[in-house]
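>>> Next one to model:
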Amino acid sequence: MHLRRWTVLTEFEMVTKAVCDAVTRCGTLAMCRYPAGTKLKYHQPAVAVYIKESRSVPSGFGEYIGTRTTPEGGEAEIYGKKLEMTVGFDVFSPEGEKYGAEGCSRAIGTVLNAMSLVPPAIKAREITLGDTKYNSQTGMYMSQGELRCDVYVSAEQTDDGKFTDFRLRGVITK
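A predicted model of the protein is given here:
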């Protein structure tokens, strides 16, 4: 039996990237969480996406799903995982006639619409939204929200015990 070691950062990156991509496709600038201490100043509404909480939910058979034959004729074992995640998002909108609090509200609407575009491996259970308030630290209007979801990931394990081809149902990251 091989020791299975998942790369948690990879799972976080897959989920935040999928949410950011969906929000961007809906027309609002989105990025994975900004670095700590960064002074934010956007000239348009923007959304910062990050993982607030994640826990692995045990599955049967030690997360083993099965095998597949590789193009080289070898065999790769496939393992799967279910995660319960809380994805946080901070919505920012600059002051001014064109954006302000209304721009923040429109961006929140974009985030809500984007949830229909995330891969099917991200199953939304609940979305909560906070009030839109002026944030004097950033000089922008801000609202926070979170998406509670179940996330299904898999990875292949080669004969030498390395995990490759991490998948977020339908999305491949290597």
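
>>> And the helices in the protein?
Assigned by DSSP state H, the chain shows helices spanning 8-25, 100-114.

>>> would a markdown table of those helices with distance to residue 148 be doable?
Yep, even glycine has a C-beta here, placed from its N, CA and C like the rest. Below are the helices of the chain laid out as a markdown table (distance: least, CB to CB, whole Å):
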| stretch | distance to residue 148 |
| --- | --- |
| helix 8-25 | 12 |
| helix 100-114 | 14 |
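
>>> Turn those helices into CSV, columns for mean neighbour count and mean pLDDT.
Formatted as CSV, the helices of the chain follow (neighbours: other CB atoms under 10 Å; pLDDT from 0 to 100):
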stretch, mean neighbour count, mean pLDDT
helix 8-25, 19, 85
helix 100-114, 19, 93
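
>>> For residue 159, find the nearest of those helices.
The minimum distance between residue 159 and the helices of the chain falls on helix 8-25, with 20.7 Å, by CB to CB.

>>> contact partners of that closest one?
Residues from elsewhere that reach helix 8-25, judged by CB atoms under 8 Å, 6 or more residues apart in numbering: 30-33, 47, 49-51, 54, 81, 83, 85, 87, 89, 110-111, 114-115, 117-119, 122, 147, 151, 153, 166, 168, 171, 173.

>>> 7 Å instead?
With contact meaning CB atoms under 7 Å, 6 or more residues apart in numbering, helix 8-25 is reached by 30-32, 47, 49-51, 83, 85, 87, 110-111, 114, 117-119, 122, 151, 153, 166, 168, 171, 173.

>>> Okay, strands next: where are they in the protein?
Along the chain, the stretches classed as strands by DSSP state E are 29-32, 46-57, 64-69, 75-94, 122-129, 133-135, 140-157, 163-168, 171-173.

>>> do you know which of those strands lies nearest residue 101?
strand 140-157 (4.9 Å).
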